[in-house]
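*Asks:* only geometry, no sequence info:
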């Protein structure tokens, strides 16, 4: 201590380290302040913080109702709160109540519950039961990295509040309009949208919460900002849950998450899925550690399982496999191990499994009912509903050997995780004690879902597959880091220590392999904070064109649109449905795009749709509605079955504009009255 500056003399070494780290962390914060983020960025970041606090408040409410005897860390509470929000939101959407005032009231209610939880925090801490006092904060030199992780997380979060350029093929015609429609009408029924079918709607609901304040160009604040903070919170909060952890492994795991390459192509679920899978694993471990049984713990497990199932349809297989962990035999380190007595008899495990399954179905039921109303399917793609495989299929018949090659290629792809095979080898070795069942189940679920998806998309590329499997692959790596962090306190063989070493090596290799991508992401975040990128102007430029187009249609009259930017329309003024990917989805017997314009007009009028708005295919800004784009993809293996349908749709709308009365035509956007002939 004699060599320390006078200011720090007499202080314990760990507090000296913390003080020095805090001073160092202040430097990037000062630099950040010099960037002077715009008012829109500050407002969106502040509202996102309130959403996080609201989630934590509702999560604490769930804890008090379902596990009142124990306390949990902020990250797990917030993840539970997000799951409660999705469960309640499904009912709100089904009843048409999820409008802007209700969304605001829900978040404000959660913030009030969070404040209430803070006031009783001391009393709750005095009554903690269960495991021994955990090492909840890093000591020694680990504190330096912990503060750095916290600052980097805050920086990434603020960058996610900046303006981005939503994908013209996905976000413009589908994801943004769905969220805007939800905010304005309280629900989102889209019988012509295949993207609506591709998820129950949890991601749309959560994005709608942020779009209460955020602009259309800030839609990534949820997945790239809020969910990043939640993921880091779930990782670091595990130190409060476990008996004793290696902070080095926890912090390295958090660093891996912060340094992940940004492979997003749109605003669909990626980090939100990571939150869901890690929260499910942590909840199963939480219940197992305490030997909890009954309907309340079953509901606690079912909430994050149902939440992640609503985010993206291809998560369903992995989610369905993970609860099977409840049927596995326990291990010596778990509170309810087979050696512990009658509570772990097979009948008890089976009973608890069915209780979880029952609660899972109850949480998912409103979303399934809404999907049935919207697209005539409650389990897509097993039940096709409004989907037309002959139009929407993107895979030509492929031999089994080529499919297997696709699986191999995807498995050894460097993104998002470079040393994925090492993690697959190491995780079974470090799965022990309270986390054994959950770890093995997620390991199996992720591998089966990964292989099935890769096998199902033989003509796709590794980039596309990596986006679809991102949630459970990254979740698997996080789980490996968390399980390895408490290996030293579990009664496991030497193979567990070897596995922990392998996990440590995998984390180090991942950090080394993604340092260039991390620099690129940090620079992009800084540019967004400084509002350097002006490209988002195209997203909101000349919105009066869409408004004039809509004004030509009588208020209250149903309107079907095939335009670049339907998110700029007023969904409260007219019942609006979006012809998302023409021909891929439509109510039975299906829109007859290849049968000519008059058949299409009769079909739409039979559904009660008199007005059709569309963008001329030679004027479209989005590739989705561009004739030139689809003409060029006619020979591509991935799109050769789909392209002719899209080109037929462009021919049909052009013929309808010639044969029927045009209420609006500015040379780009057109509105046609299908009930009146003549131009």
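*Replies:* Arrived safely. Predicted model, so just to flag it, every value in this text is computed and none were measured.
*Asks:* Can you name the residues that contact residue 647?
*Replies:* Residue 647 is in contact with 627, 630, 631, 634, counting by CB atoms under 8 Å, 6 or more residues apart in numbering. Backbone N, C-alpha and C define where each C-beta goes, glycine included.
*Asks:* For the last one, report the pLDDT, please.
*Replies:* pLDDT, the model's per-residue confidence, is 78 for residue 634.
*Asks:* Isn't it up against residue 644?
*Replies:* Yes - here residue 634 reaches residue 644: they are 6.9 Å apart, a contact under CB atoms under 8 Å.
*Asks:* which one of the two has more residues nearby?
*Replies:* residue 644 (16 against 13; other CB atoms under 10 Å).
*Asks:* Check which helix or strand that one maps to.
*Replies:* Residue 644 is part of helix 643-659 when elements are defined by DSSP states H and E.
*Asks:* what's the angle between the next helix or strand after that helix and helix 643-659?
*Replies:* Scanning forward in sequence from helix 643-659 by DSSP H and E, the next helix or strand is strand 660-665. Angle, strand 660-665 to helix 643-659, by axes from the mean of the first three to the mean of the last three CA atoms, to 10 degrees: 90 degrees.
*Asks:* about what we covered before: from the contacts of residue 647, which single one is nearest residue 268?
*Replies:* The shortest approach to residue 268 among the contacts of residue 647 belongs to residue 630, at 21.9 Å (CB to CB).
*Asks:* which secondary structure element contains the closest one?
*Replies:* Judged by DSSP H and E, residue 630 forms part of helix 627-632.
*Asks:* for that helix, packing partners?
*Replies:* Applying 3 or more CB pairs under 8 Å, 6 or more residues apart in numbering; DSSP states H and E, one finds that helix 627-632 contacts helix 643-659.
*Asks:* Identify the residues contacting the lengthiest strand in the chain?
*Replies:* Secondary structure of the chain per DSSP state E: the longest strand is strand 669-677. The set of residues external to strand 669-677 that reach it, using CB under 8 Å, 6+ apart, is 545-546, 549, 552-553, 559, 563, 601, 604-605, 609-616, 653, 656-657, 659-665.
*Asks:* neighbours around residue 412, how many?
*Replies:* Look at residue 412: counted by other CB under 10 Å, it has 11 neighbours.
*Asks:* Would you mind listing the residues in contact with it?
*Replies:* Here residue 412 is in contact with 420, 421 (CB under 8 Å, 6+ apart).
*Asks:* What is the least confident helix or strand in this protein?
*Replies:* Using mean pLDDT, DSSP states H and E, the weakest-scoring helix or strand in the chain turns out to be helix 13-35, at a mean of 48.
*Asks:* Following element in sequence after that helix, please.
*Replies:* helix 39-66.
*Asks:* Check which element follows that following helix along the chain.
*Replies:* Remark: after helix 39-66, the chain's next helix or strand is helix 74-94, criterion DSSP H and E.
*Asks:* Mind checking what helix or strand follows that following helix in sequence?
*Replies:* Per DSSP H and E, the helix or strand that comes after helix 74-94 is helix 100-119.
*Asks:* How far off centre is that following helix?
*Replies:* Centroid displacement of helix 100-119 relative to its chain, using CA atoms, centre = their mean, to the nearest Å, is 22 Å.
*Asks:* rewinding a little: name the residues that touch the helix holding residue 630?
*Replies:* Here helix 627-632 has contacts from 617, 618, 620, 623, 639, 643, 646, 647, 650, using CB under 8 Å, 6+ apart.
*Asks:* Tell me the buried residues in that helix?
*Replies:* Across helix 627-632, burial judged by 16 or more other CB atoms under 10 Å covers 627, 629, 630.
*Asks:* rewinding a little: tell me the buried residues within the contacts of strand 669-677.
*Replies:* Buried, going by 16+ other CB under 10 Å: 545-546, 549, 552-553, 559, 563, 601, 604, 609-616, 653, 656-657, 660, 662-664, out of the contacts of strand 669-677.
*Asks:* Low-confidence stretches in the stretch 501-650 of the chain?
*Replies:* Residue ranges of the stretch 501-650 of the chain with pLDDT under 70: 533-535.
*Asks:* now do 90
*Replies:* Residues of the stretch 501-650 of the chain meeting the criterion pLDDT under 90: 513-544, 594, 596, 621, 632-643.
*Asks:* so what's residue 215 up against?
*Replies:* 40, 44, 163, 540.
*Asks:* Which stretches in the stretch 201-350 of the chain count as helices?
*Replies:* 202-211, 227-241, 247-258, 271-290, 295-309, 316-321, 346-375 (DSSP state H, counting those that start in this stretch).
*Asks:* who are the neighbours in contact with the spatially closest residue to residue 287 that is not a sequence neighbour?
*Replies:* Nearest residue to residue 287, sequence neighbours excluded (CB to CB, 6 or more residues apart in numbering): residue 297, at 4.9 Å. Applying CB under 8 Å, 6+ apart to residue 297 gives the contacts 66, 67, 287, 352.
*Asks:* make it 10 Å
*Replies:* Going by CB atoms under 10 Å, 6 or more residues apart in numbering, residue 297 touches 66, 67, 283, 286, 287, 288, 290, 291, 352, 355, 356, 359.
*Asks:* Rebuild these as CSV, extending it with pLDDT.
*Replies:* Below are those laid out as CSV (pLDDT from 0 to 100):
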residue, pLDDT
66, 95
67, 92
283, 96
286, 94
287, 94
288, 91
290, 89
291, 88
352, 92
355, 95
356, 95
359, 96
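*Asks:* Closest one to residue 483 out of those residues, please.
*Replies:* residue 288 (12.5 Å).
*Asks:* That closest one contacts residue 435, correct?
*Replies:* Yes - if you go by CB atoms under 10 Å, residue 288 and residue 435 touch, sitting 7.4 Å apart.
*Asks:* okay, the two: which has more neighbours?
*Replies:* Counted by other CB under 10 Å, residue 288 and residue 435 do not tie: residue 435 has more neighbours, with 30 against 26.
*Asks:* Thanks a lot, catch you later.
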